[in-house]
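*Asks:* sequence plus predicted model, see below.
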Amino acid sequence: MAIPPLMLKIAATFLFLFQTVFSALDFIDQEQSMSDGATLVSKEQSFELGFFSPGNSKNRYVGIWYKNIPVQTVVWVANRCSPINDSSGLLTINSTGNLVLLYQKKSVVWSTSSSKQAKKPIVQLLDSGNLVLRDQEDGNSETYLWQSFDYPSDTMMPGMKLGWDLRTGLKRRVSAWRSWDDPCNGDFTAGVEFDPVHHTFPDVYIRKGTSKFLRTGPWNGLHFSGIPEQKPNPLYRYDFVYNDDEVYYTYNLKNKSVITILVMNQTVSNRERLIWIEEERTWKIYGSSPKDICDRYGTCGANANCMINDNPICKCLRGFKPKSQEQWSSMDWSEGCVRNDPLNCSEKHRDGFIKFSGLKLPDTIRSWVNKSMNLKECRAKCLSDCSCTAYTNSDIRGKGSGCLIWYGDLMDLRQFPNGQQDLFIRMPHSELEKGKADKKMRALLLVAVVGVVSGMLYLGYFIRRRGSKDRNQALSQNGDKEEDMELPLFNLSSITAATENFSWQNKLGEGGFGPVYRGNLEDGREIAVKRLSISSGQGVKELKNEVKLIAKLQHRNLVKLLGCCIQEEDKLLVYEYMSNKSLDSFIFDQKQGKLLEWSKRFQIICGIARGLLYLHQDSRLRVIHRDLKASNVLLDHEMNPKISDFGLARTFCGDQTEEKTSRVIGTYGYMAPEYAFDGLFSIKSDVFSFGILVLETVSGKKNRGFHHDNHGFTLIGLAWKLHKEGSSFELLDKHLRESDHNREQVLRCIHIGLLCVQQSPVDRPDMSAVVVMLGSESELPQPKPPGYFMEMDSAKGDTSSSKPESSSTNDMSISLIEAR
Ligand SMILES: *[C@@H]1O[C@H](CO)[C@@H](O)[C@H](O)[C@H]1NC(C)=O
Ligand SMILES: *[C@@H]1O[C@H](CO)[C@@H](O)[C@H](O)[C@H]1NC(C)=O
Ligand SMILES: *[C@@H]1O[C@H](CO)[C@@H](O)[C@H](O)[C@H]1NC(C)=O
Ligand SMILES: *[C@@H]1O[C@H](CO)[C@@H](O)[C@H](O)[C@H]1NC(C)=O
Ligand SMILES: *[C@@H]1O[C@H](CO)[C@@H](O)[C@H](O)[C@H]1NC(C)=O
Ligand SMILES: *[C@@H]1O[C@H](CO)[C@@H](O)[C@H](O)[C@H]1NC(C)=O
């Protein structure tokens with residue numbers, strides 16, 4: 001029985017319609033097309049392909065998004081830069097077997113680019129989120145004529161390859177959306193770059209326009225040399241493949257039920273790893289780069305090392321000096337460093353190398369690699385060529401293998417505290433001689449020190465002998481136990497259980513001294529556990545004593561320390577849990593911000609002021625916070641503010657109250673200029689941070705990363721301008737306009753904020769004056785111009801980027817040594 005072909009076609013069409021109504025298909029073939037409104041859904045319902053309009057735009061795009069999560073997250077867009085302005089779009093396979101997107105049934109807006117023609121082409125949406133074009137006649141269903149994974153948008157999904165296919169010349173790069181409304185390629189892009197002809201070593205660059213913005217550093221067999229925190233983890237496996245056929249980075253999920261992506265974000269100039277948290281129905285940032293200013297490309301210029309915990313952060317490599325001492329001293333590091341003694345090619349065989357450990361490997365743009373040479377051969381090769389400046393193993397696994405060498409200036413270095421890789425940098429004979437002399441000097445000094453120390457030990461022995469009697473008596477009276485009773489000691493197992501082994505689901509955030517986890521104790525109490533990741537240079541006992549002192553600081557506007565668990569490896573502080581998280585999650589969030597009406601904000605400002613006054617003056621210790629910011633102000637169930645992280649700077653950086661420190665602890669955007677630039681801190685640098693906090697709370701805007709939307713003004717700058725114009729009230733968060741508020745109070749807060757951020761510490765009021773000013777209606781003194789520590793100050797030499805600093809620490813304290 002023959003069925004007429006027309007009938008078949010009608011039947012097929014009917015079937016298609018039938019299916020789109022009741023269960024979506026996962027493919028398009030030549031019989032079918034897809035119009036605006038219909039969608040394809042992958043077999044296991046993971047992904048959906050269809051037409052959508054991003055943000056407030058009315059334009060129509062074809063994209064792929066997660067089917068199984070409620071927040072539409074578009075991971076790929078077909079016609080990124082060629083939107084359709086009505087609903088006439090039609091996705092179909094044309095007669096030569098390419099997928100085409102048609103506008104008003106005729107003009108091609110977008111198409112795939114398969115050079116091979118399939119006999120029976122089919123386009124299918126896979127459960128990986130990959131849209132593939134293949135030939136149904138081809139027995140191998142994994143041979144694709146085209147696939148969306150080869151043309152990524154802003155999102156790198158599990159299974160994608162970021163990099164090159166050397167056989168076909170395909171280069172896969174990701175690029176951010178221009179804006180929330182516009183998926184067209186922004187200028188924030190990432191991809192693998194190298195020169196295969198000259199055997200330069202591949203590196204992953206993130207670019208802003210044409211200029212380099214960040215570099216991951218070359219792959220060293222274990223991780224990218226600039227990302228030592230990249231470690232095997234429970235969520236995904238990662239790998240970098242580098243052979244004659246392909247060079248790419250990829251990652252794959254270990255557990256398919258985890259949803260994680262790597263996204264380029266133009267707005268904040270960040271590449272972020274996001275994880276979907278089903279319980280909270282939201283994406284959380286698991287990691288983001290750049291993580292600090294040392295991650296930014298070439299912060300310190302050539303031949304210099306970036307050390308995030310030092311101040312200033314840039315230092316010339318040994319054997320090098322600033323090219324321009326004047327610029328260097330004014331913290332303009334762009335010119336970098338030059339050799340003390342230049343290399344002389346005709347004396348190259350007298351040169352040698354100095355080993356540097358824990359450096360991020362230099363930019364590989366002028367490099368050369370041979371994966372089969374060993375380190376000795378590598379050294380010989382470098383030495384014989386006087387333009388070669390450094391060498392190392394290209395793979396550090398095992399005993400190390402391969403040879404990677406550099407020519408010319410060494411760019412974009414940074415120091416990691418426990419980096420595993422050595423870099424051997426060429427030095428002229430004269431420099432090596434200096435090193436030897438230094439060594440001799442040090443040996444002599446050591447002998448002298450040993451002499452002195454043994455003398456002291458000898459003396460100490462006598463003193464101890466005399467003291468021990470008295471102490472034994474005292475101990476027997478007081479008992480050791482009572483001392484520990486003051487601060488409950490938790491045991492590690494109970495905290496591990498409470499936080500479900502510090503699982504990332506329980507992670508609340510990352511503070512200046514380490515990550516914070518939420519936990520439930522067996523007795524039902526909710527706690528927040530701070531896992532200190534920074535070393536204090538103190539022993540267990542000293543640290544315990546220090547923590548006891550912190551625990552004695554008790555005030556209704558300070559977060560209460562419940563106890564601790566301090567052993568050799570683990571240093572955990574246990575705090576009361578604050579159900580409403582931190583102030584920043586309210587004031588900087590449009591939705592949450594509306595919940596925080598003016599009277600509440602005013603109470604919060606007053607509470608913070610009282611807490612800080614207590615730390616500065618009323619407590620026994622006189623504590624300078626040094627990292628006061630919105631994310632360090634927690635809110636309890638009644639929205640009472642409580643300052644957290646106090647006392648830690650003192651513990652970790654000494655107990656000076658007014659001192660110069662080489663270790664700046666703090667957060668860009670909140671740091672007083674004298675502290676940021678000169679390391680000078682005092683109660684007045686805290687007052688500065690408080691001023692910023694007040695302006696942020698009033699305006700609902702972050703001081704950091706603010707100026708670009710506002711014609712070059714920082715938040716402080718804008719507040720100052722409006723103050724001078726007599727229109728301060730405009731600073732008020734516009735979400736508060738309608739609700740009732742107290743105009744006088746608002747103006748007073750802004751005025752006090754400006755007094756606190758004055759340039760000179762001497763002019764700033766102390767906290768007792770601030771508390772009085774907040775509580776009275778007396779006339780306030782006129783503020784002098786504010787002190788600026790603008791984001792731009794720290795990112796000189798970068799003219800193209802529109803958001804230099806906000807990208808770097810993303811509100812993380814810069815005291816952080818290791819990111820997640
Ligand atoms: C849509 O775009 C087409 C072609 O670009 C243009 O001719 C047409 O006027 C546009 N229609 C609307 C409603 O904007
Ligand atoms: C099908 O689309 C491809 C890609 O746009 C194009 O090169 C080819 O000419 C089209 N075929 C026909 C018959 O239009
Ligand atoms: C994968 O993750 C889910 C949810 O996190 C969990 O329930 C499941 O046990 C995990 N599966 C494996 C094999 O680890
Ligand atoms: C970029 O980051 C900002 C701030 O975190 C966020 O509001 C925005 O949604 C992000 N943009 C995209 C396209 O993900
Ligand atoms: C380099 O070394 C050679 C031989 O020792 C010497 O003659 C020459 O002056 C040196 N050149 C410079 C620029 O120092
Ligand atoms: C790499 O080194 C090996 C061993 O020294 C050598 O045989 C090979 O020719 C080198 N390859 C290149 C491209 O120089």
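*Replies:* Yep, that arrived. Numbers count the residues shown, from 1 in each chain. Ligands and ions are numbered 1, 2, ... in the order given.
*Asks:* ignoring the adjacent residues along the chain, who's closest to Gly700?
*Replies:* With Cβ to Cβ, 6 or more residues apart in numbering as the criterion, Gly700 has its nearest non-adjacent residue at 3.3 Å, and that residue is Asp733. For the C-beta atoms, the positions are set from N, CA and C on the backbone; glycine is no exception.
*Asks:* mind checking what secondary structure the residue nearest to Leu621 when sequence neighbours are not counted has?
*Replies:* Nearest non-adjacent residue to Leu621, counting by Cβ to Cβ, 6+ apart: Leu549, 6.1 Å away. Put simply, Leu549 is helix when judged by DSSP: H, G, I helix; E, B strand; the rest coil.
*Asks:* so Leu549 makes contact with Val623?
*Replies:* No - contact criterion Cβ atoms under 8 Å: Leu549 and Val623 do not qualify, at 9.1 Å.
*Asks:* intersection of neighbour lists for those two?
*Replies:* Each of Gly647 lies in contact with both Leu549 and Val623 under the rule Cβ atoms under 8 Å, 6 or more residues apart in numbering.
*Asks:* more neighbours: those two, which one.
*Replies:* Neighbours per residue (other Cβ atoms under 10 Å) separate Leu549 from Val623, with Val623 holding more: 26 against 18.
*Asks:* so for the residue of the chain found nearest ligand 5, what's the pLDDT?
*Replies:* Going by Cβ to the nearest ligand atom, ligand 5 is nearest to Asn344 of the chain, at 3.7 Å. At Asn344, the model reports a pLDDT of 92.
*Asks:* just to check, it is in contact with Pro428?
*Replies:* Yes - counting by Cβ under 8 Å, Asn344 touches Pro428, with 6.8 Å between them.
*Asks:* and Tyr668, backbone torsions?
*Replies:* Main-chain dihedrals, Tyr668, degrees, to the nearest 10: phi -50, psi 140.
*Asks:* show me where the stretch 501-650 of the chain dips below the pLDDT cut-off.
*Replies:* By pLDDT under 70, the low-scoring segments of the stretch 501-650 of the chain are 511-512, 534-539, 650.
*Asks:* surely Asp341 and Glu433 touch.
*Replies:* No - if you go by Cβ under 8 Å, Asp341 and Glu433 don't touch, sitting 10.0 Å apart.
*Asks:* quick one, what contacts the spatially closest residue to Leu615 that is not a sequence neighbour?
*Replies:* Once flanking residues are discounted, Leu615 sits nearest to Val623: 4.4 Å by Cβ to Cβ, 6+ apart. Val623 sits next to Leu553, Leu615, His616, Phe646, Gly647, Arg650 when contact means Cβ under 8 Å, 6+ apart.
*Asks:* the first one and Ile643: what is the separation?
*Replies:* Translated: Leu553. Distance of Leu553 to Ile643, given as Cβ to Cβ, to the nearest Å: 10 Å.
*Asks:* common neighbours of those two, please.
*Replies:* Residues touching both Leu553 and Ile643 by Cβ under 8 Å, 6+ apart: Leu615.
*Asks:* domain assignment for the chain?
*Replies:* What automatic domain parsing lists as the domains of the chain is 25-151, 153-291, 295-434, 484-576, 584-814.
*Asks:* possible to save the contacts of Val623 as JSON lines with secondary structure?
*Replies:* Converted to JSON lines, the contacts of Val623 look like this (three-state DSSP):
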{"residue": "Leu553", "secondary structure": "coil"}
{"residue": "Leu615", "secondary structure": "helix"}
{"residue": "His616", "secondary structure": "helix"}
{"residue": "Phe646", "secondary structure": "coil"}
{"residue": "Gly647", "secondary structure": "coil"}
{"residue": "Arg650", "secondary structure": "helix"}
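*Asks:* phi and psi next, for His429.
*Replies:* As for His429, its main-chain torsions (degrees, to the nearest 10) stand at phi -50, psi -40.
*Asks:* now do the helices in the stretch 601-750 of the chain.
*Replies:* 648-653, 673-678, 683-699, 715-725, 743-756 (DSSP state H, counting those that start in this stretch).
*Asks:* could you list the buried residues of the helix or strand Lys541 falls within?
*Replies:* Element membership of Lys541 [criterion: DSSP states H and E] is helix 540-552. Neighbour-count burial for helix 540-552, counted by 16 or more other Cβ atoms under 10 Å, picks out Leu543, Lys544, Glu546, Val547, Leu549, Ile550, Ala551.
*Asks:* how many neighbours does Trp65 have?
*Replies:* Counted by other Cβ under 10 Å, the residues lying close to Trp65 total 19.
*Asks:* with the one 5 residues further on instead?
*Replies:* A count of nearby residues for Pro70, using other Cβ under 10 Å, gives 9.
*Asks:* quick check: pLDDT value at it.
*Replies:* 93.
*Asks:* thinking it is in contact with Trp283, fair?
*Replies:* No - if you go by Cβ under 8 Å, Pro70 and Trp283 don't touch, sitting 11.3 Å apart.
*Asks:* from Val540, how far out is the residue of the chain found nearest ligand 6?
*Replies:* Ligand 6 sits closest to Asn370 of the chain, with a gap of 3.7 Å, by Cβ to the nearest ligand atom. Per Cβ to Cβ, Asn370 is found 48 Å from Val540.
*Asks:* any idea how far Glu326 is from Leu621?
*Replies:* Separation of Leu621 from Glu326 (Cβ to Cβ): 42 Å.
*Asks:* again, but for Asp363
*Replies:* Distance from Asp363 to Glu326, counting by Cβ to Cβ: 26 Å.
*Asks:* between the two, which one's more packed in?
*Replies:* Taking other Cβ under 10 Å, Asp363 and Glu326 do not tie; Asp363 has more neighbours (23 against 9).
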